[in-house]
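Student: next come a sequence and a model predicted from it.
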2 protein chains.
Amino acid sequence: MSSAAKTLELLSYFSELRPEIGLSQLCRLAGRDKATTHRHLQALEEAGFVEQNPSSKAYRLGPALLQFAQVRERTVPRKAAVEQPLKQLAEATGETVHVAVLSGTTLYALEQVESVKHSTRVLIDVQTFPLHATASGQCALAYGPDELNSHALAKLTRFTDETITDADTLLAEVAAAKARGFAICSGGFESDVHSISAPVFDQTNLFAGTVTVAGVATRITHQLVQTIYAHLADASRTVTHNWGGRLPPDIEAAWTTTLSMSPALEPTS
Amino acid sequence: MSSAAKTLELLSYFSELRPEIGLSQLCRLAGRDKATTHRHLQALEEAGFVEQNPSSKAYRLGPALLQFAQVRERTVPRKAAVEQPLKQLAEATGETVHVAVLSGTTLYALEQVESVKHSTRVLIDVQTFPLHATASGQCALAYGPDELNSHALAKLTRFTDETITDADTLLAEVAAAKARGFAICSGGFESDVHSISAPVFDQTNLFAGTVTVAGVATRITHQLVQTIYAHLADASRTVTHNWGGRLPPDIEAAWTTTLSMSPALEPTS
DNA sequence: TGTATCGGTTCATATATTGAACCATTGGTT
DNA sequence: AACCAATGGTTCAATATATGAACCGATACA
C-alpha cells in the first residue's frame, strides 16, 4: 500500500457522526503510528483536505473538498440530474430510493431520497455498496465491466444470515438479475431490507451506476414489486438520458418480459 | 515534499476548463515521471478521487469528492450560510462579491455571486487567493493568526504593476486595513479590479474568512465605496452570525469610525 | 512500412517513509 | 502543589518504499 493511499484512507474516518478527530484517536482508528499519521495529516492539511479546529486541535474535513466537488459536478453532472427522477420514484413507491455511481471497482452512494409515506423507512448511511451483498452491487456485476466479478468474488464478506457468501450462488443471482433487467437482494446487507436495482448508463454507453428502491422487507408485496419494476425502469430511463447515455436494447427487452409476467414471480434466492 | 503531497497536487490540475487529463499530459503539467504519475493516479483512483473515462482513458475528478464535500458542508456549514447575504450584497453594490475561507495558511474561494447590474463584471476563476495581493488576503493578514504574515512575506509574487512586493508597504497596508475595518486592494492581483474586504469570524471567535466586493476599478467612486462599506459590514455581520461567531468589538468600532468619515478618504496605496 | 503518439509496466537504485522513544502542554485527581 | 494520564507534536537510525530510464503493446497517421 502506497503512502499516498494510506494518507487518503485517513479521510474515510471522517463522517457526519464523527466530524472531528484528534491525532491520537485517528491513530487508534487507523491502527497506525502517531508520527506517520501526523505527517499524513500535514500533507492533507497542506492540500486543504483537512483543517484543524483552531481551539480543539482536532482535525476535520477541509474546504478544498468543496472546490473539487464543485468542479467534478460541473464537469461530470451526476447529482443534479438525479434529484428529480429520484423524488418521483420515492413518491411512486413510497420507499427509500437511492442512486449509486460506479468508479473503478467501487459503487459510491451519490444521492438518496426517503419517502415520507411510512414512518418506518430504510436509512442508508454507507458511502460505498458491497458488490456481492446489495441489489446495487449485483446490478453492477450484471451490467458493469467483467473485472468487477473477480473483485466481488475475492471477498464475500458476510453481513447478515442472508448474505450470499458462495460464489456460485452469487453468479446465479447475477445471471437472474441480467435476465430480469433488475437486481434483487433481500437482507443481504441489512436484515429486513429488500432492495431492487436497475442499471444506469452514461454518455460512453457503458454501465455508470444504479437506481435502487430499498424497502422494509415486510412491505414489499408481490404487487408492490410490479409497481416498483415499472417506476424503476422509468427512473433508469430518465437518469440514463440525463447522464447522456442510451439504454441497451436487451435491457429494455428484459424489462418488457419481466413486466408482462405474473406478479407471482419471485427472486430466485 | 511527501509522496502524498505530490499525489494530492495532481488533483489541482483539474478544473472546469480542463476536466479530463491524460496520463502523458498530466506528466507534462506536473513535470513528473510517467511511472510515478501513473502510480499516484492509481492511488487517487483507488480512493475514488479520480476516475478514468472508460472510452478515452483520460482521468477526471471522481465521485468520492462529492461524498467528502457533503460531509464537510453538513458538519461545518459554510457555503449554505453564505448564499443569502452574498446575494443581498451583490444586489446592493452591483458588483461581483465573494466569500473566502481560511484553512491553515491558505484562503480558499468558497462562493461568489455576480451582480447582473452591469454588463462588465469581475470574474473570479481562482481557487485560492494570494495573501499579499488581494483585499481578502490583506484582510486575513490583518485579522488572522500572526503566522500568516511570515507566509505572506516569504513570497511576494508580482501579478500586476500594482502588486505590493515590498514587505514594509504591505505591512503598512495591512495596518491601514486594521484601522479601517476593511481591507482595500486596487489591481494587485488583476488590473482594473478594485476590491474591498471585511473579515468574518466563526464559532471559535477567530478569523475564519472574508467577504469581498470586487468591482471594475473605474466604477468604484468615492460615493460607491461608502455604500460598499455599509453593506459589506452588514454582510460580514450576517455571515459571522450564521457561522456561529461574534464580531470583535474593535472591528465594529473601526467600522463606525470609517463610515462616519468623509467619502474623500482613500486607500493609502 | 515506418514513425510518433498514447497508456502502462519493470526493476535496480536511492530516496523518502517509518515508528520507538522522546518532549511539551493540558486537564483532572489526590 | 505535586502527580498522573492524557493530549499534540518532533527526532533520527533503520529500512521499506518511491523513483525513473528503459521497455512493451496498441493505436493513429502518412
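Tutor: Thanks, I have the structure now. Since we're looking at a predicted model, the values are computed, not measured. Numbering: from 1, shown residues only, chains lettered A, B, ... in the order given.

Student: so what's the residue lying closest to A:Leu29 once chain neighbours are set aside up against?
Tutor: Distance criterion Cβ to Cβ, 6 or more residues apart in numbering or on different chains; nearest residue to A:Leu29, sequence neighbours excluded, is A:Tyr13 at 4.9 Å. (Glycine included, C-beta is placed from N, CA and C.) With contact taken as Cβ atoms under 8 Å, 6 or more residues apart in numbering or on different chains, A:Tyr13 is in contact with A:21, A:26, A:29-30.

Student: mind doing that once more with 10 Å?
Tutor: Neighbouring residues of A:Tyr13 by Cβ atoms under 10 Å, 6 or more residues apart in numbering or on different chains: A:21, A:25-26, A:29-30, A:59.

Student: likewise for A:Ile21?
Tutor: A:10, A:13-15, A:27-30, A:41, A:50, A:58-61.

Student: repeat that for 8 Å
Tutor: A:13-14, A:29, A:58-60.

Student: where along the stretch 151-269 of chain A do the helices fall?
Tutor: For the stretch 151-269 of chain A, the helices defined by DSSP state H, counting those that start in this stretch occupy A:167-180, A:222-242, A:249-260.

Student: hang on, the earlier thing: please pick the buried ones from the contacts of A:Ile21.
Tutor: A:14, A:59-60 (16 or more other Cβ atoms under 10 Å in any protein chain shown).

Student: for stretch A:54-63, output the C-alpha coordinates as CSV.
Tutor: Extracted C-alpha coordinates of stretch A:54-63, given in CSV (Å, rounded to 0.1, in the frame of the first residue of the first chain):
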residue,chain,number,x,y,z
PRO,A,54,-8.1,26.1,16.0
SER,A,55,-9.5,25.6,19.5
SER,A,56,-9.6,21.9,20.0
LYS,A,57,-6.7,21.0,17.7
ALA,A,58,-8.8,18.2,16.3
TYR,A,59,-8.9,17.6,12.6
ARG,A,60,-11.9,17.9,10.3
LEU,A,61,-12.5,17.8,6.6
GLY,A,62,-11.3,20.9,4.8
PRO,A,63,-12.6,23.4,2.3
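
Student: how about that stretch and DNA strand C, touching?
Tutor: No - on the criterion Cβ under 7 Å from any atom of the strand, stretch A:54-63 is out of touch with DNA strand C, staying 9.3 Å away.

Student: wait, a helix at the residue nearest to A:Leu29?
Tutor: No - under DSSP: H, G, I helix; E, B strand; the rest coil, A:Tyr13 sits outside any helix and is assigned coil.

Student: and it, how far from A:Tyr59?
Tutor: 10 Å (Cβ to Cβ, to the nearest Å).

Student: show me the contacts for the most far-flung residue of chain A relative to its centre.
Tutor: What lies farthest from the middle of chain A is A:Ser55; by Cα atoms, centre = their mean that is 35.9 Å. Residues counted as contacts of A:Ser55 (Cβ under 8 Å, 6+ apart) are B:204, B:206.

Student: backbone dihedrals for it, please?
Tutor: The phi/psi pair for A:Ser55 (degrees, to the nearest 10) reads phi -90, psi -50.

Student: now do the contacts for the residue nearest to A:Arg158 when sequence neighbours are not counted.
Tutor: Excluding the flanking residues, the one nearest A:Arg158 by Cβ to Cβ, 6+ apart is A:Thr165, at 5.2 Å. For A:Thr165, the contact set (Cβ under 8 Å, 6+ apart) comprises A:132, A:156-158.

Student: what residue ranges in chain A score low on pLDDT?
Tutor: A:262-269 (pLDDT under 70).

Student: closest point of it to DNA strand D, which residue?
Tutor: A:Gly22 (2.3 Å; Cβ to the nearest atom of the strand).

Student: number of nearby residues for that residue?
Tutor: If you count neighbours by other Cβ atoms under 10 Å in any protein chain shown, A:Gly22 ends up with 14.

Student: please apply the same query to A:Gln203.
Tutor: A:Gln203 has 14 nearby residues by other Cβ under 10 Å.

Student: can I assume it is in contact with A:Trp243?
Tutor: Yes - between A:Gln203 and A:Trp243 there is a contact at 6.7 Å, judged by Cβ atoms under 8 Å.

Student: all strands for chain A, in order.
Tutor: In chain A, the strands defined using DSSP state E lie at A:20-21, A:50-52, A:59-61, A:96-103, A:106-113, A:128-129, A:183-186, A:193-201, A:207-216.

Student: re the thing from before, and for A:Tyr13 and A:Tyr59, which residues touch both?
Tutor: A:21, A:26.

Student: quick one: the nearest residue to A:Ser195 once chain neighbours are set aside from A:Gly181, how far?
Tutor: Counting by Cβ to Cβ, 6+ apart, A:Ala135 is the residue found nearest to A:Ser195 once chain neighbours are left out, at 3.7 Å. Distance, A:Ala135 to A:Gly181, by Cβ to Cβ: 12 Å.
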